[in-house]
Every structure is written in structure tokens, then in C-alpha cells.
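[1] pasting a predicted model and its sequence here:
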Amino acid sequence: MIQFSKNISLSLISVTRNFSSRKISCSIIISLFTLHFSLFTSCKTTESTTKVENQPEAKVNGVVGQDPKATELENTFLEAKKQEIIGDAQKALSLYEACLKIQPENDAVNFQMANILYQTQKYAEALEHIKISVKQSPTNKFYEQLYAEILNRSGNPKAAGEVYGTLSKQSPNNVDYLFNYAYFLSLSGQNQLAIDQYNKIEQQVGVQEDLAMEKQRLYNKMGKENSGIAEIQKLADANPTEPRFLAMLADMYTQAGQNDKVIEVVKKLAEVDPNNATAQLALSDYYRRAGDNEKYFEAMKKVFASPTMDIDNKIKVMLSYLSYLKDEPRKNEALQLGALLITTHPTEAKAFAMYADVLNQLEQNENALQQYQAALKLDNSKFTIWQQVLYLESAMKLKDSLANDAQRCTELFPAQGLPFYMLGASKLQSKKYDDAVTAISQAIVIGSDDKKLMAELYSTIAEAYNGLKKYSASDSCYELSLSLDNENYFAMNNYAYYLSLRGEKLDRAEVVIQKAIKLLPNSAGNLDTYAWVLYKAKKYQEAKTQIEKALLNGGDKNGTILEHYGDILFQLGETDKAIENWMKAKEFHAESEWLDKKINDKKLYE
């Protein structure tokens, strides 16, 4: 691609541009040899009115090397230049000022002062000096270029453009002048004139990306989006094998709402670059809107198989599937794309986490857990992934894994309550009640604004205290839990049952379990607990009524409920039926130390 700049031997000023930043930086390149002759050319009598370029004849008052002031001027100038080169701009300025005391209208000295002042952003002072240089040497193009730049930095881009307009008329084939003219025209809002200059450049150098993009930007600014698109179309036509320009064109048609043009360009892009993920993504979107699901998915698979396509774009696609996983075809597509995602991005934790989210929603717990664990191996800093691991291990009753991972999680995230709760729950399952109390207590200390969550913490620690036979602490925690969440029927059932087992606070137990039954009336567990509370209160007939309800709701296959039924029947004098149900309880593996003895002795033991 052509760069619109030139290296000019012994030039005083070189202008470079940057399309994307829309700025012109001006750097002064000084040759001491050139300046030496330029200075002497400038040291002329006021009667001399012409200056011929490339004839650096050192004349002062018409006599070469005779005027002492000319010698002083030369020496002072060279010393100033030396100070400038070694970086002492302030000292250089002082010496240049001394030169001006000898010859105030010297164009070279004023130019050097203007350059230093420009570099130090003293634009007003720089402008005064460069005006003198331009006035004394109106045909010096380097002076003009610095003059234009200082005008621009002084807030007058229009005047800067006029300078380059003059230069470009003098040298119509100089693309640097044309470019800078166009640039300053655009800065001053003369967009169409700027475009005209870019067209002149294009006639000389051919269609170029930077030119096309600049013209497209200006057309958009003028509200002529179609003209801007035409510039990019021309660029794409000039470079038929460059997929990037086709992709740009497709984006512009999309923004303009010209969908027919979009698909036309995208299809061409797919032909030029079959593996272009951007094109395949656009095609997939087109086929989706057209209702062609088969072609949509084929294009989408190519997108997911492309390592160059940003993973975040793929994850957005995967997220869109989460609402449609109940649809069998969409579910299968999500699973295939998830597998492609982790294959294409094997070092990206979020790829595995995303795939795991899909599997988790589909309740493929074992596979989901594996993918979450793979994500943590790549990046263990994401608490949300740890959460899912702990939830799954808890649901799958993997108490050892839960204990280990929860412990690790408490170390990584000591300010999070969930890992301590999960650690405590795992210890509770293992009947390590002291450890459970320690962990859950820390979760309670960390706390939460969520009352239901705090209620869950207190009901869980209540179970641990019950296991330690610290019944007063257990009861207090259950009461606190129910005060925070009066709809937690699970906690109600456990609290009432533990009270019934101890035969304590049976009136309170009856109130609690009745409330649980109102919340969940057909729960065999709740009905059994109510029956057992009544049994402990010696209300055997009422107990029988409730436990028979439990049997009708699935309790007939629960060993503990069947044993309770047998105990109630025995108290009511129905010994044969009692023994019959004790035997059924044994078939369903009731965990009771007295069950065999009851059956063998045909007596009730408690």
C-alpha cells in the first residue's frame, strides 16, 4: 500500500500523517550543511529582492565573507543550532534571538525559532516568526508546511488548508500536498472538497484502503451512507481476493439495513474465504432468519470450529440456547456446539464453564461436574464455577469430594459464606458434628441479607447441635431459623421430629408440624412426623389416622414409617397387624436397633 509521504534530501520539514487518528505531526529535520548556506542566502541587503533556490551563495552587502556582522551572525546561528541538537532549546532560542538583533527579518532564523516554539506548544509566538519567514521567502515550501501546521494548532485549520491549497496548485502531482489539503479541509468541515482532493490522489496512486476509509467516513458525516458504502464496494472490487474488505462491506450493509446486499456479500466472502468465521456467522444468522435450520447449523458449526473467531461471540450464541433446551433439536445443537467449543478452545476456562452450564441445565450432572472441574483446572479464580461444583457434589451426595472442594474454596474465598456452609453440610453427613458446627458458625458470621439463606444456616447448625446432644442450642437455632423463614417445611419437620424423639415440648412440636403439613399436605414425611408427635403424646388413635395418610402418600414403602405404624397398632392392641408391619419394615430396611427383637418377642420395645 502506498504511503503518502516522501523522504526529501536535506529538507527542513517533513510532514507525516495517520489516517486513524486524524492528526498531522510535524517534525523538523535539519541539515547543518543546508542551514549554513540557507543562512547566508538570507543575509542579504534590503536592496536584494530575489532568492534563487539551490544557489546557496553566502553574500553579505554584495561582498562574500567581508561583513563582520555576517560572520557574527553565522557563528551565533551555528552555536544556536548546536545547542538545539544537544537538547538545550532555551539556550538555542536565546542565541537565535541574538541573531535577530543583527538581522530581524532573516527567514532562516525566524523559521528555526518558529520550529522550536512550535515543538514547545507556544503556537502564538511561533506564528509570528513563521509569518516573517514566509513573507521573506514566499516560495519556500518547507516554510509553508510549518506555517500550515502552526495555523492548525492555533485553531485555524481553514487557513492551514488554504496554505496547502496553494501548494497543491503549484505542485498538482504532489500527493503529500493534496493529502494535507484534504485533511485540513475535513477539519474545517469542508467535507466534499476534502473528498475531491482524495479523488485526485486516487487518480495518481489507485484505489487504496486508507483513502477509501477516509472518504467513507466523510460521506457518513455528510449523511451520504450509500456513497460511503460505494467507496468500500470499489475497494472490495479492486481487491477481489481480500476477505477483509468484503467483511467490512457486509457490516456496512447490515448497519444500513440492506439485508439482500448483506447476504450477497457474505456469500461471496464465504467463497473467497470458506473458513472465514465472520462470514459463516453472518450466513448462520441469515439462514436462521430465513428459517433454514439445517444450513444455519452447518454454518454455525464452522464458526465454532474456527479458533480465530472470538470465543465471547461463541459464548453469546451458547447463552441464546439456554432458553430452548427443552426443544430436542435445539438441545442436540447446544450439546454439539458445546463440545466444539471446548475442542477449539482447550485452554479457555470459560469454554468449559459454558459447556458445563448447558449440561447442568439438562441435569447431566456427572458430565457437567467434569466440565466445571476442567474449567477450574485452567482458572480457579471464578467463584461462580466453584458454586456450581459444590451444588452438584451436594446434589450427587459426593460427601468426600464436597468436603475437599469446600475446604479448598474456603481458602480461596474466605469472605464467602457458601463454601463454609457446604463444608459444614458435608461434615454433618459424615456425622462429624463438631466440625460441622465450626464451619457453619463461620458462614453465619459472614452472614447474608437473604433471610431464607440465614434460616437455612440456622436449621443446619441446629441439626449438628442435635447430633452433639446439645438440645437447648439445637432448639434455639431451629426457633431462630423459623423466625427468619416461616415457610421452611423441611426445618419444621426435622424440629418437630427431634422433639418427638425426645418426648419434649410436644405441644410446640404439634404446632410446628401442623404448619408444615399446611405447606405440604401430601408429604409422607410430614404426616409420619405428625403421627409420631401424637404417638409420643399417647394420642394413639389420632396417630393412626395420620400415619395411614402417610402410607397412602408413599409411606408404605418406607421402613421407618412402617415400623412406626406397627408401634401405633401395637399400642391400640392390634398386635398381629403390628407384627405384620414390623416385618414389612424389615423388608424395606428400616434402621432400628429394636426391630428384630420386636418381631421375635412380639412385643414393643422403645
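    Right, received. Where do you want to start? The shown structure was predicted, so the numbers you read here are calculated from the model rather than taken from an experiment. Residues are numbered from 1 along each chain as shown.
[2] which other residues reach stretch 568-580?
    531, 535, 538, 540-541, 543-544, 547, 566-567, 581, 598-599, 602, 604 (C-beta atoms under 8 Å, 6 or more residues apart in numbering). C-beta: built from backbone N, CA, C; applies to glycine.
[3] from those, which would you call buried?
    Ala531, Tyr535, Tyr540, Ala543, Lys544, Ile547, Gly566, Asp567, Asn581, Lys598, Ile599, Leu604 (16 or more other C-beta atoms under 10 Å).
[4] just give the nearest non-adjacent residue to the fourth one, would you?
    What that stands for is Ala543. Leaving aside its chain neighbours, Ala543 sits nearest to Leu534 (3.9 Å; criterion: C-beta to C-beta, 6 or more residues apart in numbering).
[5] for that neighbour, give its distance to Lys598.
    For Leu534, the distance to Lys598 equals 20 Å [C-beta to C-beta, to the nearest Å].
[6] could you do Gln388 as well?
    Noted for Gln388: a distance of 46 Å to Lys598, by C-beta to C-beta.
[7] just the C-alphas of the strand or helix carrying Leu480, formatted as PDB.
    Assigned by DSSP states H and E, Leu480 falls within helix 471-484. Provided in PDB are the C-alpha atoms of helix 471-484 (Å, rounded to 0.1, in the frame of the first residue of the first chain):
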ATOM      1  CA  TYR A 471     -30.600 -29.900  72.600                       C
ATOM      2  CA  SER A 472     -31.100 -26.400  74.100                       C
ATOM      3  CA  ALA A 473     -28.700 -24.900  71.400                       C
ATOM      4  CA  SER A 474     -30.400 -27.000  68.700                       C
ATOM      5  CA  ASP A 475     -33.900 -25.900  69.700                       C
ATOM      6  CA  SER A 476     -32.800 -22.200  69.900                       C
ATOM      7  CA  CYS A 477     -31.300 -22.400  66.400                       C
ATOM      8  CA  TYR A 478     -34.500 -24.100  65.000                       C
ATOM      9  CA  GLU A 479     -36.700 -21.400  66.500                       C
ATOM     10  CA  LEU A 480     -34.400 -18.700  65.000                       C
ATOM     11  CA  SER A 481     -34.500 -20.400  61.700                       C
ATOM     12  CA  LEU A 482     -38.300 -20.500  61.700                       C
ATOM     13  CA  SER A 483     -38.500 -16.800  62.700                       C
ATOM     14  CA  LEU A 484     -36.500 -15.900  59.600                       C
END
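[8] quick one, phi/psi of Pro104?
    Dihedral angles of Pro104 (phi, psi; degrees, to the nearest 10) stand at phi -60, psi -30.
[9] what about it, how many residues nearby?
    Pro104 has 10 neighbours, counted by other C-beta atoms under 10 Å.
[10] quick one, grab the pLDDT at it.
    Pro104 carries a pLDDT value of 92.
[11] same question, the one 3 residues further on
    At Asp107, the pLDDT value in this model is 90.
[12] let me see the contact set for the nearest residue to it once chain neighbours are set aside.
    Nearest non-adjacent residue to Asp107, counting by C-beta to C-beta, 6+ apart: Gln136, 3.8 Å away. For Gln136, the contact set (C-beta under 8 Å, 6+ apart) comprises Ser42, Glu105, Asn106, Asp107, Asn110.
[13] isn't the second one right up against Ile132?
    So that's Glu105. Yes: at 6.2 Å, Glu105 and Ile132 qualify as touching, with contact defined as C-beta atoms under 8 Å.
[14] neighbour-wise, which of these two wins?
    Neighbour tally, Glu105 and Ile132, criterion other C-beta under 10 Å: the higher count belongs to Ile132, 20 against 13.
[15] pull the contacting residues for the residue nearest to Tyr433 when sequence neighbours are not counted.
    Nearest residue to Tyr433, sequence neighbours excluded (C-beta to C-beta, 6+ apart): Gly467, at 4.0 Å. The contact partners of Gly467, taken as C-beta under 8 Å, 6+ apart, are Leu428, Lys431, Tyr433, Ala436.
[16] and the last one, what element?
    Assigning secondary structure by DSSP H and E places Ala436 in helix 433-446.
[17] how close does the most centrally placed residue in the chain sit to His345?
    The residue lying closest to the centre of the chain (C-alpha atoms, centre = their mean) is Asp312, at 7.9 Å. As judged by C-beta to C-beta, Asp312 and His345 stand 11 Å apart.
[18] go on, Gly573?
    In terms of C-beta to C-beta, Gly573 sits 72 Å off from His345.
[19] the more surrounded of those two?
    For Gly573 versus His345, neighbours defined as other C-beta under 10 Å are more numerous around His345 (19 against 9).
[20] right, and the more buried one touches Ala351 too?
    Yes: His345 is in contact with Ala351 according to C-beta under 8 Å; the separation is 4.1 Å.
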